[in-house]
Every structure is written in C-alpha cells, then in structure tokens.
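*Asks:* need a 3D model of the sequence below.
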Amino acid sequence: MTAGPAVAGQVRRKLRLGVIATAVTSVLALLCCVGGAGAFLLTELGGDEDDPKLAALTCDPAYQVNLTGDMPRFAEYGERQLRNAAVIIKVGQDMKVPARGWVIALATAMQESALRNLANSTVPASLALPHEGVGADHDSLGLFQQRPGWGTVEQRMTPSYTARKFYQKMVQVPNWQQRPLTVVAQRVQVSAYPDAYAKHEELAGRIVDALAGGAARTVEIAGKAVCDAAAGDRIAASGWTAPLPGGVVSGFRTTARPSHHGVDLAASKGTPIHAASAGRVLVARCDPDRSGRKDCDRDGWPNKGGCGWFVDILHAGGFITRYCHMVERPRVVPGQSVAAGEVIGLSGSSGNSSGPHLHFEVHKNGDRSSNGADNPVPFMRKRGAPLGETG
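*Replies:* Okay, the predicted model is just below:
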C-alpha cells in the first residue's frame, strides 16, 4: 500500500474528563495517513510535549471520515470500494461505535463483498439501484450480503443502511471489543465460512487508519505517544492491548544481550498479565532450566535458563505472543480461547530472572522459535498499544 494524501485540518480534542481542551489553541495539525507504517504525528502542537494537559488528550479519532474527498491508494481496492469503506466508518462514527467496531465491520464487508455493493436477480430493474457487481448468493444483497430478513431490497442496497444494521447487531454481542474479530463477525453474519473474516483484520485496520486519522493506532507528539489506546486495560481498534502497564526496561536483541528475543517490562510481583490480543493458548507450563530441572515455584536467578512459568498464545494473522517468568502456574491451559485483555497469569521472577518483571515476545508466521521473533516495541506501537520507551 502507498500512503494516502496528507490531510490538513483543524484538530480539536477533548480532555479525558470531558473538559474541552484549551491547552491546544490555534492548532493546524498535519495528519499523515501512513497506513501500515504506524502512528500519525502531531508535530505542530505548541507547548511542552511533557505537559500533563497533553497527556490528558483522549484517543478519539482526529477527524470525521470524508466521504467526498480524495481516497488513499491501496493495491487491494479501488476508489469506489474505498468510498464504501468510508461510508461504513462514517456510520460507525455517527452511531458513536468505538473504532474497534469499524475494523470489524470493514473486515466483514471485505469478506462478504470485497467492499462492493452487490446486486442480484431479485433487484427489480425499475429500482435502478446503483451497484458494483452481481453476487453469487441468490437472495443476499449489498456490502454485507444481507438476506431478506435484514430489510427490503432497496434498503439492503443502501450502504449506510446495511452498515447501521450490522453495527446494531454487533454491539449486542457480549464483550465484542475483547473477542476475536472472526467470532464477533460470525455472531452477526452466521456465515457458512466462519473463519474467513480474520484474514482481513490487518488490512481493515490500515484502511481505518488512512480514512479516519490513525484511529487504529497511537497518537504521537514529537515522537512520544500521548494517546495510548490500550491504557487502562482498553482494547485498541486494532484488537491489541499492552500486557501490563510497565515500560520497557531491557530491549530486544541489544548489544549487551543479542540473544534477548523479547523485551522486559517493569512489573512488581503479582501484577496481572493480560493477553495482548484474542487468541488460542498454545503453551502454558513450566519451562525447565538448562539442567532440565523444572523448578518454577520459586524465584530464579541469572543464567539459570528458562522462561519459568510461561504462556504462548496464537493470534489472528499467525502472530504468537509469549509471556515469561510468572510467579505461579498460569491461569490458562493449552487449547483455551482467550479474549484480548484477559488475565492469563501474574508477573514474577521464575526461570532465568534476577527480579520480578514480564519478559514479552512477539513472533511472526506462527514460528515460536527465535527465527520468528520480532521486536515487540514497534510491533505494539503500530497496533495502538505501545509498551513504553526502552530504559
């Protein structure tokens, strides 16, 4: 994907407690839709970047989606399809649905219609409804391929109507923001292919970023995150959250620790550890030390080896997260499905550890080995759930 056009506009944000922001005045912020490249920057803001008033900014999207302006460029979709995506996002904004819902709705429409307003043989020629193709299902219509029970033919061929109907049913799904996208979409759609939605999640997040000012990511000022979408156990629009509040105290594959395939997050003993995203538990056990001894029910020490009590979770897109050095047996078991933000254990110092903390890893392509390890800091920042700066 290539970056969308820069959008200049007046940025007005609210303070977290509902007070209208007065700290940011005469601001013309440049919002650069960088899609998969990560957060958008607010570099024109005056004042000290450490000003507590700035830290109180909410994570609301920077601006309402524009239905008539130029569309960003995506290799996967054309202009007409992106305008349909903009309609879906706009309806979600008007209904005050959290941005996570926009990602779910987009991914669903991407699977059902490839973001095309599909007609079929049941559409009377007299209606002359605009459409962008003919669907394969004889009685399903529109962006979400809704069947007759969802409304009349004319209604189901109206993108704003179909998006509203989708959101109305989606928000009734219990804990929809924490659950896997594919589970929520399936509860709404009742599709014959319930696992197909997940493959669209990453691109749907990038489209939301490009069309709604980085709503699926993190806001930064002068390179520092001032709007952590995962703060306070919240789930970012991307579906990810920080595993615990502590910042990074030891980085990924540093000069001093080239074989450190994750990052260490500051945490006192007994701090709840949250699943960084919804997924399925692959491993939850005691990792033996270098001698093969399993002794995780006491504090470890440097050079002992092993993760101690640890958990591996498989997420959509083939990503795997690892959580090491828990103080006691994990609260989950292999094969268990977990929601984003669900407590999976407590931080500790078991295994190769000199003190309480969480060792956190991210792996790509379903590869649990060191070959699949990726730096968690930029990975999580791109998903609106930054881990903090390396100390």
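*Asks:* once you drop chain neighbours, what's closest to the residue most central in space within the chain?
*Replies:* The centre of the chain sits closest to Ser238, judged by C-alpha atoms, centre = their mean, with a distance of 1.4 Å. Spatial nearest neighbour of Ser238, excluding adjacent residues (C-beta to C-beta, 6 or more residues apart in numbering): Arg383 at 4.1 Å. Heads up, the C-betas are built off the backbone N, CA and C, glycines and all.
*Asks:* ok, now which ones touch that neighbour?
*Replies:* By C-beta atoms under 8 Å, 6 or more residues apart in numbering, Arg383 lies in contact with Gly205, Ala216, Arg217, Ala236, Ser238, Gly239, Trp240.
*Asks:* the closest residue to Met326 other than its chain neighbours: neighbouring residues, count only.
*Replies:* Nearest residue to Met326 in three dimensions, chain neighbours excluded: Trp309, at 3.7 Å (C-beta to C-beta, 6+ apart). The local packing of Trp309 (other C-beta atoms under 10 Å) involves 24 other residues.
*Asks:* what's the helix or strand for Trp309?
*Replies:* Here Trp309, judged by DSSP states H and E, is contained in strand 308-315.
*Asks:* show me what the helix or strand that that strand is followed by is packed against.
*Replies:* Proceeding N to C from strand 308-315, the next assigned helix or strand is strand 320-326, under DSSP H and E. Helices and strands touching strand 320-326, by 3 or more C-beta pairs under 8 Å, 6 or more residues apart in numbering; DSSP states H and E, are strand 279-287, strand 308-315, strand 343-346, strand 357-363.
*Asks:* could you export strand 320-326 as PDB, CA atoms only?
*Replies:* Provided in PDB are the C-alpha atoms of strand 320-326 (Å, rounded to 0.1, in the frame of the first residue of the first chain):
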ATOM      1  CA  ILE A 320       2.300 -15.500  18.600                       C
ATOM      2  CA  THR A 321       2.900 -13.700  21.900                       C
ATOM      3  CA  ARG A 322       5.000 -15.200  24.800                       C
ATOM      4  CA  TYR A 323       4.800 -14.200  28.500                       C
ATOM      5  CA  CYS A 324       7.600 -15.400  30.800                       C
ATOM      6  CA  HIS A 325       8.600 -15.500  34.500                       C
ATOM      7  CA  MET A 326       5.100 -15.800  36.000                       C
END
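*Asks:* state the mean pLDDT of it.
*Replies:* Strand 320-326 shows a mean pLDDT of 97.
*Asks:* try stretch 287-297
*Replies:* 84.
*Asks:* what's the answer for stretch 195-210, then?
*Replies:* Mean predicted confidence for stretch 195-210 is 89.
*Asks:* residue contacts, the residue nearest to Met326?
*Replies:* 285-287, 296, 324-330, 345, 348, 350-351.
*Asks:* what about Gly305, neighbour count?
*Replies:* With other C-beta under 10 Å as criterion, Gly305 counts 16.
*Asks:* burial of the residue nearest to it when sequence neighbours are not counted, as a residue count?
*Replies:* Spatially, and ignoring its direct neighbours in sequence, Gly305 is nearest to Arg290 (3.6 Å; C-beta to C-beta, 6+ apart). Neighbour count of Arg290, defined by other C-beta under 10 Å: 10.
*Asks:* is it true that Arg290 touches Pro302?
*Replies:* No - judged on C-beta atoms under 8 Å, Arg290 makes no contact with Pro302 at a distance of 11.9 Å.
*Asks:* wait, Gly305 touches Cys324, no?
*Replies:* No - between Gly305 and Cys324 there is no contact under C-beta under 8 Å: 11.6 Å.
*Asks:* overlap in contacts of these two?
*Replies:* By C-beta under 8 Å, 6+ apart, the residues touching both Gly305 and Cys324 are Gly351.
*Asks:* quick check: the closest residue in space to Val327 that isn't next to it in sequence vs Ser354, distance?
*Replies:* Among residues not flanking Val327 along the chain, Gly348 sits closest, at 2.6 Å (C-beta to C-beta, 6+ apart). Noted for Gly348: a distance of 12 Å to Ser354, by C-beta to C-beta, to the nearest Å.
*Asks:* quick check: Ala242 vs Ser277, distance?
*Replies:* For Ala242 relative to Ser277 (C-beta to C-beta), the value is 11 Å.
*Asks:* now Ser347
*Replies:* For Ser347, the distance to Ser277 equals 19 Å [C-beta to C-beta].
*Asks:* neighbour count winner among these two?
*Replies:* It is Ser277, of Ser347 and Ser277, that has more neighbours when counted by other C-beta under 10 Å, with 29 against 26.
*Asks:* OK, contacts around the more buried one?
*Replies:* Gly239, Trp240, Thr241, Ile313, His315, Ala316, Phe319, Thr321, Ala340 are the contacts of Ser277 under C-beta under 8 Å, 6+ apart.
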